[in-house]
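Asker: with the sequence up front, the predicted model follows.
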Amino acid sequence: MIGPLLRNELRMLLRDTRTLLIAVVAPIVVLPGWILVSNFVADREEERIESATYRWALVGEEAAWGESIIERALDLPADSTLGDATFERVGEGNDSLLSASEVELVVVARRATEADSLATDTPVLEVRYRAESDLSRAARERFVERLEAVREAERDRRFRLAGLPASRAELGVVSTTNVASAGKEGGRLLSRFLLPFVVMMMLGGGSIMAADTISGEKERGTLETLLTSSARRSEIVRAKLLAVITVGLAVVVINVVNLAIYVTIGVFDLPEGLALELAPAQLALLLLLFLPLAGLVAAGLLLVSGIAKSYREYQLYAPVLFLAFLIPSLAGLLPGLSLESAIVLVPLAGVAVATTAVLVDAWHPLWGLVAFASSAGAALYLLRRVEGVLSNERLIAGTDFDEAEFRGGPALFPRHVLTWFLGLWVLFFLASLWFGDVLGVRGQLVINLVGIFLGGSAWMVHRYRLDPVEVLSLRRPRWTAWPAVLIGAPSFLVLGVGVSELVNTWLFPMPESVLESFARGLTLDLGLAQIVFFLAILPGVLEEIAFRGVLLHGLRRRLRTPWAAALACGVIFGLFHVSLFRIIPTGLLGIVLALVVLRTGSIYPAMLWHLLNNALALVPDELGWISPDLAVPGWAYALAFVGMAISLSLLRPRTPGAPRAPSPVGGVPPGGYSP
Amino acid sequence: MKLRAVGTLYRHELRSSLRERTIVINGILIPIFMYPLLLWGMFTAITFVEGLNEGFTSRLAITGQLPAMHTAMRDSLHALDGVEVLTEIEGDLDAALARGELDAIVALAPLPESPVPGNFRVELIHDRTETRSTNARDRVEALVERYRAGWLAELGRDLGLDAADQQIFTVRTENISSARDVTQQLLGMMLSIFLIIMVAIGCFLPAIDTTAGERERSTWETLMTVGVDRGSIVMAKYLHVATLGILAGALNVIALMVSIGSVLRPLLVDSDLTLDVALSPLAALVMIAAAVILALTFAAAMMVVASFARSFKDGQAMVTPIFYLVFLPILLGGEATDASLSTNSALVPLLNVSMMIRDAIRGIYIWDAIAITAAVSLALVTLLLLLARRVLAFEEFLTGSFDGSFWRFARERLFARG
Amino acid sequence: MMTHLHTPAVAVHDLRKSFFDEERGEVTAVDGISFEALPGEVFGLLGANGAGKTTTLRMLSTVLTPSSGSATVMGHDVVKEGERVRRNLGFHSASTALYPRLTARETLEFFARINGYPEERLNARVDQLVDRFAIREYEHGRIEKLSSGMKQKVSIARTIAHDPPVLIFDEPTVGLDVMNAIEMVKVVNELKAEGKAILYSSHIMSEVEKLCDRIGILHRGRLLALGTLDELREATGEHYLEDIFVTYVTERAGTADAVPGIFGEPGTPPAS
C-alpha cells in the first residue's frame, strides 16, 4: 500500500514546477554565481592589497638613524618568509596625514621613554597605523616583518663578530613534525563540513516535500479524503516519510553532483589538502550512518508539518526545527570529543561524532552502533508522534469557532501562559543584554524582579481577571510545612552542590577559568544587608509569585498531572537563569519549589525555602565562614539526602496520593490544606 | 487618485498586516530578538570551545636527552601548567600518538658535533588533525622557544654582548584610531548590509500577502469593487508595504546597535579593542533616506512579481529570486572595506545605497556621488512603478481571475501589438 | 418498521462521542445514537449545523474514534477493523477535497488502488467510471484546472472508485449550484438502485424528502426521531418535513436539558 502512496506524493511534487524551480533549480544556478562573484571580489581585493604602494612617513628625533634601518629593511629581497611589497616614502608626516589616508604608516624613530618600560636609551621604531583600514594593517604587517628581519640579521652579525662559531639560527633548533597521514588530514577537513552540509541539504530539500505533504494537505482539504481511504495511518505516515527522505536525499545528491561539476570545470577550487581517499568500507559506513540521520530529519520535518495547520504556519515553525537539527550536527567540530563518550546517546550529535570518527580512522563499532541506535530511536519516536498527530481529533475535527477566545478571562489563561512567559523571557534576555551595563547588578535585579516578574504577574492577573488568592495560593499551610522547609532548604542546597559538580564533571567539562568568566556577572560588591535583601528576600518573594504562583497556576490547568506541571515549571525557571551552567541546578530548585506549593497548597513555604536557599548559598561565603572551594564530604550528602526525604514526607498532604491540586475555591480550608 | 481614500485604505492594509502573525513575527520580532540571541549563542559557543581547548591537559612523552646544561628546560616542561608528562607508555610511542593516548612526542637530541658547546635540537612530533595535539605542540613550542631565547641571550652575554647590544632596537606598533573609528568601520560594514536585507525581509511577506494572499482569500475582488479608483487602492497597498519595510529596517538597525556592544564584548576581552557605538545625526538622516529608497524599490519589485501568483505559497516562490539579487551588491561591496562611494560605483543600484550608508556611518559624504545614487535609485523606482502600472492594466489581474502564468501575460500583454 | 429480509449494511448501537475541552470539560457531540442502514436504502440524517451529523459520519468512516458504543460497516467494527471498514466505504463530504495536481484519471486510479481494488480490473473500472460520469473529455486534465462541476463529478467518481457497498454523503450539495445539486441527487438515486447502502446527511429538507427512505432527526447529539417520512408525518401530524423537524426540535427545547438559542431563535414556541 505504501508504494502507490509514495508514488502519488512524488508525482504531485514533481508537478509543482514553480516550487521546484525556485527551491531546487535556482540555488543550483545561483550558488556558483555567488561563489564566482565573491571569489572575484575577494581576488580583486587581495590584488589591491598586494599591488598597493604603501606610503609611509618618518618623523622623530632619531629620523636619520631610523631612515638607515628602514632603507635596509625595504631593500631586503622578497623570499619565502618576506612577502613582496612596494613602499613609498612621503616626506615628513604626522598622524593627521595618517587619519586622512594620505599615508598608510607613520614611523616614529626615537629613544625609549619610561612609558616603554625598556632600557631608556634603546632606540625604538614606532610604527603607527590605523586598525580599521585594511591597507594600513597590511602595510604594518609587511613593514614590521622586514624590520624584524633586519634586526635579526644585525644581531647575528654581532654574535659572529663577538666570536660565536655558528649562526644563531643553527642553535637550539626547534622543528615540528606532523605525523597525520594525508588521508586523515583530508578526512578531518571533510568532517568539518560534511555532516552540517548533509543535514542542511536534507532539511532544505525535505522541507520542500514536508511543507506540502501534511500541512499543505490540511490546507487543501485532501487530508480527510486520504484518511477515509482504506490506507492505514501508519502507512500514510511511512509513505510521506519516505517521500520526504527521497526528496531530501535527491537534493543532497543533486548538490553534491553540482559541486563536483563546478569543481571539475574549475569554477571554484576545493580547499587545499582536501584529499578524498575514502575506502569503500568507509563510504559504506558513512552511508549507513546517514540512514538514521535522514530518517530523523525527515520525521522531524513531518512532525512540524503535522502540527502546523497550514503552509504558512509550517514556515513559521520550520526555522526552529532547522536550528534544533543544525546545532547538534556541529558536534563533530567540538575539539577532543571522542566517539567513545556519552555524546553517542544524543541523537544526531552522536551520528555527527561517529561520522568524524569514520573519516579520521577512529571508528569503534560498538559505540558507533549506539550512535546509530540513538538517532534511529529518536527517528522512530518522532514517527510515532506524527502518527499521533494524524490521529489527533482536534486537528481533524477542530471547530473554527473558539468560544474561549471570545469569552476571554480566566478560561483563556492556561492557553496563553506559555506565550506570556516566553515574552517575559525575551524581555529578561534583552534587558540584561541591552541595559546590563547601564544598570549594574542592583538595577538589573530590580528591573528583573520588580519590573518583569512582579509587573508581568500583576498584568496577567489583571488581564485575565484571575483571583489572586487562588492563583498565588495565598493560604496558610499546615504547621508541619515550616519545619519541613527548615530541614529541606539546607539539605537541598548541599545536594545542589553535588548536582553542580556532577554537571561540571560529566556534562560541561569546563576549566575553572572559563566557569569563572561565565560567572563574572555574579560577583558583586554589596554589603551583607544588601546581599540578603537583593539576592535572598526579593527573589524569594517575587520569583515565587511569578513562577510558583502565576506560572504554576497556568501549567496546572494546562497539563494533566501535577508532576508534569512541576517539571515544566522547573524547566522554565531554569531557563530564566540564562547561563548554560546554571540551568540544571536552578531547574531542580524550581521543580522542588513547585512540589512544595503543590503539596502544601500554599506559596509561603516555597517563599521561605527559596529565601533560605539563596541566603545560605551566599551569606556564609560573604562572611568568610567557609572557603569557596570547600569540598563537601560524603557524609554530608548522605545527611542531606535523609533531610530531603524527611522534608518531603513532612510536606506530604494528609491523604496519600499526593501531590494534589489546590481546591477549586479560594480561601483557607479548615485545618490548613486538605482535599 | 484621492488622498483621503488612499489614507483610509492604507490604514486598513497596515492594520490587517500588523494582525497577521507571520508578518509580525518574521518582520519584527525575530530580527529584534533572534539575532541578538543567535549571536549571543554563537559567541557563548565559541567561548565554550576555547575554554575546552584551554582546559585540555596535554599528554607528552619525552624521548632522548639534552646536554647537562639544559636540564632546566626539561624541568620546566614537567612543571608547565596543563601538561602531563607520561612515562609509562608501553610499546611504540608513534602508535600511542596515533591511538590518541598521547598528544605529542618531544624528541630531544644533543648536537655534540656543533661548534657551539651545548647545542641541541628539539623535534615536536604531533598530529595536526587533532586539536589536542596541536594544542600540546603550541604549548611546548612556546616554552622551548622561550628557553632558547634565554640561552642565546646568555651565550651573547658570555661573548661580551650586553642586553642593549643584543636588542639593537625595538619595534613598537601603535594603532592611532579611536574606539569610535573602529566601531564605525565595523558598524558601517554590518549596517550597510543589514539595512538592505532587513528592508527586503520587511517588504517580503506584506508584498505577497497584499497581492497573492488577497487573491487566495478571495478578498481581492471585494476590494476592487469598492467605490475608489484602482490607482488609489494600489497606491495604498504599495505605501503600506514600503512602510513595513522601513519599519523592519529601522527597528532592526536600532536593535542591532543597542545589542552589538554586549554581544561582542566577550570576544573583545582579550584584545585591546573597545567599542564605542554612536551615530551622527547626519548619518542617521542618510540611513533613513536610504531605507525609504530601498523600501520603495523592494515594495514595487516584489509586488509586481507577487501579482502573478495565485496563492501565498506561489507568491513566496516567485518573490524569492529577488532575494538572490539583493545579495549580489552585498557580495560586490563586501570585501573592499576601504573603498568609498565613487561616481562610478554610484551607478550600480543597491551597491550604491549600501556604500552610501557605509560612508555615512564613517562620516564620509561625497555629495556628487550621493546625488547620482539618489537619481539612479529614483529612476529605478519610477521604472518599477511604470511596470506595475502596465501589469495592473491587464484586466484579469484586476478581477483576480488571472491564472498566474507569467508567460501568458508576457505573450499577451508585453509582446503583443497594440 | 424494520425489514428483516436484509442484514444491515451499517449498524450503529448507542454510539457516543465526547471531546475534551480545556474550558468546558467534556463536550458530548454525539450522545448515544442507534440506527441501521440497509443495502438499497438511503438513510437520511437531518439536523442543524452542530447537531452531530458530521461527527457521527466521521466515526463511521473511522476518522474519529467513538468514546463508547459500537458501530459496524458490512459487519466490520469501526474501532477494531478500521481498514476493512474503509475498504467497504466511500466517503464524500465538503471537506474531502481532491489533489489539485493530479489528473482526473490519476485521481480515480489512485483511490481505487489505495482502497485495494484488484489491480487487474483497475483499468476497466476507471474506464467504466470515466464513461459513467462523462469525464472522458477532461480525464487527462489536472484537477486544479477543472470547473467546480467537473470537480464534483470526479469527486463522486473517486468516492465509488473501489465500488464500495456503503456510501456516505455528508452534506454533499453544500455550495453546489442548482444543476450540480440536481445531478448529485440523481447520482445518489442511481447508486441506491444499484443496491448500495447510503447514508446521506443534510439540512436541506426538500432533498431529504425526495431522496431518503428513512430519516433520522438529529439534534444536539441525540436521535430525536427515526422512521420513514410517512411514519414521521403520522407521529407528528405535520405534512412538511420542515414542520416535522421543528416539532421535534422545539418539543425537545421544552425539556429541561435544552439551552435555547443555538439554532434559530427560540421565538417559535412549541405548537402545543
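Answerer: Alright, I've got the coordinates. Numbering: from 1, shown residues only, chains lettered A, B, ... in the order given.
Asker: make it CA atoms for all contacts and neighbour counts henceforth
Answerer: Will do.
Asker: how about the strands in the stretch 1-150 of chain C?
Answerer: Counting by DSSP state E, counting those that start in this stretch, one finds strands in the stretch 1-150 of chain C at the ranges C:10-21, C:25-37, C:42-46, C:68-73, C:76-77, C:89-93.
Asker: so which of these is nearest chain B?
Answerer: strand C:89-93 (21.5 Å; CA to the nearest CA).
Asker: ranges for the strands of the stretch 151-272 of chain C?
Answerer: For the stretch 151-272 of chain C, the strands defined by DSSP E, counting those that start in this stretch cover C:166-170, C:197-202, C:214-219, C:222-227.
Asker: in JSON lines, list those along with mean neighbour count, mean pLDDT and distance to chain A.
Answerer: Converted to JSON lines, the strands of the stretch 151-272 of chain C look like this (neighbours: other CA atoms under 10 Å in any protein chain shown; pLDDT from 0 to 100; distance: least, CA to the nearest CA, whole Å):
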{"stretch": "strand C:166-170", "mean neighbour count": "24", "mean pLDDT": "91", "distance to chain A": "11"}
{"stretch": "strand C:197-202", "mean neighbour count": "26", "mean pLDDT": "92", "distance to chain A": "15"}
{"stretch": "strand C:214-219", "mean neighbour count": "24", "mean pLDDT": "90", "distance to chain A": "18"}
{"stretch": "strand C:222-227", "mean neighbour count": "19", "mean pLDDT": "89", "distance to chain A": "19"}
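Asker: TSV for the ones you listed, including distance to residue A:215?
Answerer: Below are the strands of the stretch 151-272 of chain C laid out as TSV (distance: least, CA to CA, whole Å):
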stretch	distance to residue A:215
strand C:166-170	23
strand C:197-202	28
strand C:214-219	32
strand C:222-227	34
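Asker: which stretches of the stretch 101-250 of chain B have low pLDDT?
Answerer: Filtered on pLDDT under 70, the stretch 101-250 of chain B yields the residue ranges B:225.
Asker: just to revisit the earlier point, format the strands of the stretch 1-150 of chain C as TSV; extra columns: mean neighbour count.
Answerer: Output for those, formatted as TSV (neighbours: other CA atoms under 10 Å in any protein chain shown):
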stretch	mean neighbour count
strand C:10-21	18
strand C:25-37	18
strand C:42-46	27
strand C:68-73	20
strand C:76-77	20
strand C:89-93	26
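Asker: dump those strands to TSV, plus distance to residue B:40.
Answerer: TSV is the format used below for those (distance: least, CA to CA, whole Å):
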stretch	distance to residue B:40
strand C:10-21	40
strand C:25-37	43
strand C:42-46	61
strand C:68-73	53
strand C:76-77	57
strand C:89-93	51
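Asker: would you mind giving these as a markdown table with distance to residue B:122 and mean pLDDT added?
Answerer: Shown next, in a markdown table, are the strands of the stretch 1-150 of chain C (distance: least, CA to CA, whole Å; pLDDT from 0 to 100):
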| stretch | distance to residue B:122 | mean pLDDT |
| --- | --- | --- |
| strand C:10-21 | 77 | 85 |
| strand C:25-37 | 79 | 85 |
| strand C:42-46 | 95 | 92 |
| strand C:68-73 | 84 | 92 |
| strand C:76-77 | 84 | 92 |
| strand C:89-93 | 84 | 88 |
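Asker: which one of the residues in the stretch 101-250 of chain C is closest to chain A?
Answerer: As assessed by CA to the nearest CA, chain A sits closest to residue C:115 within the stretch 101-250 of chain C, at 5.0 Å.
Asker: okay, now the residue nearest to that residue when sequence neighbours are not counted: neighbour count?
Answerer: Once flanking residues are discounted, residue C:115 sits nearest to residue A:230: 5.0 Å by CA to CA, 6 or more residues apart in numbering or on different chains. By other CA atoms under 10 Å in any protein chain shown, the residues close to residue A:230 number 25.
Asker: thought residue A:230 was touching residue C:83?
Answerer: Yes: shown here, residue A:230 and residue C:83 form a contact pair, counting by CA atoms under 8 Å, at 5.0 Å.
Asker: what do these two both touch?
Answerer: Shared contacts of residue A:230 and residue C:83, defined by CA atoms under 8 Å, 6 or more residues apart in numbering or on different chains, are absent.
Asker: follow-up on the earlier one: which among the strands of the stretch 1-150 of chain C is found nearest to residue A:218?
Answerer: Across the strands of the stretch 1-150 of chain C, the minimum distance to residue A:218, taken as CA to CA, is reached by strand C:89-93, at 14.5 Å.
Asker: flag the shaky bits of the chain, pLDDT-wise.
Answerer: I'll assume chain A. In chain A, residues with pLDDT under 70: A:119-120, A:267-277, A:392-408, A:436-437, A:504-525, A:578-581, A:626-630, A:654-675.
Asker: try chain C instead
Answerer: C:1-6, C:20-25, C:252-272.
Asker: list, one by one, the residues from it near chain A.
Answerer: C:22-23, C:61-64, C:82-87, C:90-92, C:95-99, C:101-102, C:110-111, C:113-116 (CA under 8 Å from any CA of the partner chain).
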